[in-house]
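Enquirer: Need a 3D model of the following:
(chains A and B)
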Amino acid sequence: KNQVEQSPQSLIILEGKNCTLQCNYTVSPFSNLRWYKQDTGRGPVSLTIMTFSENTKSNGRYTATLDADTKQSSLHITASQLSDSASYICVVSAAGGSYIPTFGRGTSLIVHP
Amino acid sequence: EAGVAQSPRYKIIEKRQSVAFWCNPISGHATLYWYQQILGQGPKLLIQFQNNGVVDDSQLPKDRFSAERLKGVDSTLKIQPAKLEDSAVYLCASSLGQGSNSPLHFGNGTRLTVT
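Expert: Next up, the predicted model:
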């Protein structure tokens, strides 16, 4: 069964600090992995997409990594801002067949001033 | 480009009542999804359309939920009758194609409270 597990479930950090969110998956065969940011009361918005051959991808202060061998991904946020407070959801897609992405439960990040 | 539009934003109903949600996807997006997101959890797929055909509805509680996408554009999701456990945010998403490289574009959702 395809599964996506995220940790931690929630995280509180001070503004300006860095943090790393984790995602482990069992989706097979692997096609790609996306990190979405979901602000309170809004729909998720795609931050990055990682394919099998990519190890690192950056989007501003967000850097995603992928280890396809261990089936792990991380999202690193540098110099956090108050606007980073949101839920971060890891979504993994399988190759072939009908495209049904598997969602993680998300990590709730709170950035305090 | 205009995003995915959903209405209403909020809805409060009593159990056993009926409710309907509406979604207008991004123009040209063939694939449309309805997700249910319970507080503190990730979105759970209810149904996926490719144009006006159903691709997957295996997790749709068909005894009370129904969805349609007439003409392959707008879509409606209906719950009849509602139960307390249906309280959640209902998200609509669309993508350009069915391929896994197409990102999902989400609307802001409809928050349903069943009392």
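Enquirer: C-alpha from now on. contacts and neighbour counts both.
Expert: Fine.
Enquirer: what residues are up against residue 26?
Expert: Picked chain A for this. A:1-4, A:71 (C-alpha atoms under 8 Å, 6 or more residues apart in numbering or on different chains).
Enquirer: not what I meant, chain B
Expert: Residue B:26 neighbours (C-alpha under 8 Å, 6+ apart): B:1-4, B:94-95.
Enquirer: now swap in residue B:102 and tell me
Expert: Contacts of residue B:102 (C-alpha under 8 Å, 6+ apart): B:95-96.
Enquirer: Let me see the backbone angles for it.
Expert: Here is the backbone geometry of residue B:102 (degrees, to the nearest 10): phi -90, psi 120.
Enquirer: Verify the stated contact: residue B:51 with residue B:33.
Expert: No - contact criterion C-alpha atoms under 8 Å: residue B:51 and residue B:33 do not qualify, at 10.8 Å.
Enquirer: ok, these two, which is more surrounded?
Expert: residue B:33 (26 against 19; other C-alpha atoms under 10 Å in any protein chain shown).
Enquirer: and residue A:71, how many neighbours?
Expert: 15.
Enquirer: Check it and give its pLDDT.
Expert: On pLDDT, residue A:71 comes in at 95.
Enquirer: low-scoring stretches of chain A, by residue?
Expert: Residues of chain A meeting the criterion pLDDT under 70: A:97-99.
Enquirer: Who is the closest residue to residue B:50 other than its chain neighbours paired with across the strands?
Expert: Excluding its sequence neighbours, the residue lying closest to residue B:50 (C-alpha to C-alpha, 6 or more residues apart in numbering or on different chains) is residue B:31, at 4.6 Å. Beta-bridge pairing of residue B:31 under DSSP bridges involves residue B:50, residue B:95.
Enquirer: Skipping adjacent residues, who's closest to residue A:8 in space?
Expert: residue A:107 (6.1 Å).
Enquirer: any idea how far the residue in chain A that chain B sits nearest to is from residue B:39?
Expert: Ranked by C-alpha to the nearest C-alpha, the top residue of chain A for proximity to chain B is residue A:105, at 4.0 Å. Applying C-alpha to C-alpha, to the nearest Å, the value for residue A:105 to residue B:39 is 10 Å.
Enquirer: Just want to know which of these two has more residues nearby.
Expert: Relative neighbour count places residue A:105 above the other of residue A:105 and residue B:39, with 22 against 10, counting by other C-alpha under 10 Å.
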